[in-house]
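Novice: Next input, structure requested:
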Amino acid sequence: MRIIDTHAHLFDEVFAEDLEEVVSRALQNDVEKVFLPNIDETTVTSMLELCTRFPGFFHPMLGLHPTEVRADYGEVLGRMEALLQAGHSFIGIGEVGLDYYWDRTYYKEQQEAFRCQVEWSLSYGLPLMIHSRSAQKELVDLLTPFRTRGVAGVFHSFGGTVEEARELLSFEGFMIGINGVLTFKKSASDSDRAGGAGNRCPLFVAGSSPGQKERKRIYPTHIGESGGGLRFAGGNGCRTNIRKCIENVSWRP
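Specialist: Residues are numbered from 1 along each chain as shown. Here you go, the predicted model:
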């Protein structure tokens, strides 16, 4: 069974010394593709170099992460959009969105930056990889005007309630992203939340490297644990859960 890790930042410097081993182990564990959401302007080069180094395995996205938005976001986005205009092989717009968990200093700037990148998604025909934390209302309010314009993508790393999931899935063309957070003890009910959002299976599984997992790095090979932590109606096992999620990656390259 092939596995696609839909969200990993393996261009992070923490993987620099043993990246070959990380990729080899992923391939040995049925991971055949890894999608790379960008972080900010400084990570674009390392991300694209990774895709060149491992063609067909890594696939890049382009976006400005909400926690990296500053007062000069307009200039940064202008330079980043030039890459889209140049015809690089980006498969999505991400990682983008809103994050008010730690800091609300750039509250309005985050929204303007996100709105701009949603427009990118429509202009260039690319799906969104959305990060949202402590910003459900703002996220829904911002996306509502785009509801009928064909915008689509993934709400990454969802950890909210059934009601919040249903609210997000009311946006046609979007799916919920589930990652290793499901395996944390305090998140024992998250899989039930996601599974209770509807009868269909609007879910992605992602490793979310290089986040912390019991104080260790997360690898694409941990994606099986995320899939195993997800309980669908009927009590399906890990491989069945992952297979259902893989079927949802309709915009894979």
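
Novice: and P37, what does it touch?
Specialist: Listed by CB atoms under 8 Å, 6 or more residues apart in numbering, the contact partners of P37 are H7, H9, M61, G63, H65, G92, G94, E95, M129, H156. (C-beta placed from N, C-alpha, C; glycine too.)

Novice: Throw these into CSV and include secondary structure and pLDDT, thanks.
Specialist: Formatted as CSV, the contacts of P37 follow (DSSP: H, G, I helix; E, B strand; the rest coil; pLDDT from 0 to 100):
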residue, secondary structure, pLDDT
H7, coil, 89
H9, coil, 93
M61, coil, 98
G63, coil, 98
H65, coil, 98
G92, coil, 97
G94, strand, 96
E95, strand, 97
M129, strand, 96
H156, strand, 91
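
Novice: all helices of the chain, in order?
Specialist: 19-28, 44-53, 73-85, 107-124, 136-143, 162-169, 190-195, 223-229, 238-247 (DSSP state H).

Novice: V34: which of those is closest?
Specialist: Taking CB to CB, helix 19-28 is the member of the helices of the chain nearest to V34, at 7.0 Å.

Novice: quick one: buried residues of the closest one?
Specialist: For helix 19-28, a neighbour-count test (16 or more other CB atoms under 10 Å) marks L19, V22, V23, A26 as buried.

Novice: between it and helix 44-53, what angle do the directions make?
Specialist: With axes from the mean of the first three to the mean of the last three CA atoms, to 10 degrees as the basis, helix 19-28 and helix 44-53 are set at 60 degrees to each other.

Novice: pLDDT weak spots in the stretch 1-150 of the chain?
Specialist: Within the stretch 1-150 of the chain, the segments meeting pLDDT under 70 span 1.

Novice: deepest of the helices of the chain, which one?
Specialist: helix 223-229 (a mean of 22; mean count of other CB atoms under 10 Å).

Novice: Looking at that helix now, give me its mean pLDDT.
Specialist: What helix 223-229 shows for mean pLDDT is 44.

Novice: re earlier: output the buried residues of helix 19-28 in JSON lines, with distance to E172 appended to each entry.
Specialist: JSON lines is the format used below for the buried residues of helix 19-28 (distance: CB to CB, whole Å):
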{"residue": "L19", "distance to E172": "38"}
{"residue": "V22", "distance to E172": "36"}
{"residue": "V23", "distance to E172": "36"}
{"residue": "A26", "distance to E172": "32"}
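
Novice: E49: which of the contacts of P37 is nearest?
Specialist: H9 (13.8 Å).

Novice: excluding its backbone neighbours, what's nearest D103?
Specialist: Leaving out its chain neighbours, the residue that sits closest to D103 by CB to CB, 6 or more residues apart in numbering is T67, at 7.7 Å.

Novice: Surely the one you found touches D99?
Specialist: Yes: the criterion here is CB atoms under 8 Å, and T67 meets it with D99 at 5.1 Å.

Novice: okay if I get the helices of the chain as JSON lines plus distance to I178?
Specialist: Output for the helices of the chain, formatted as JSON lines (distance: least, CB to CB, whole Å):
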{"stretch": "helix 19-28", "distance to I178": "19"}
{"stretch": "helix 44-53", "distance to I178": "23"}
{"stretch": "helix 73-85", "distance to I178": "28"}
{"stretch": "helix 107-124", "distance to I178": "21"}
{"stretch": "helix 136-143", "distance to I178": "17"}
{"stretch": "helix 162-169", "distance to I178": "11"}
{"stretch": "helix 190-195", "distance to I178": "6"}
{"stretch": "helix 223-229", "distance to I178": "6"}
{"stretch": "helix 238-247", "distance to I178": "8"}
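
Novice: All set, thanks.
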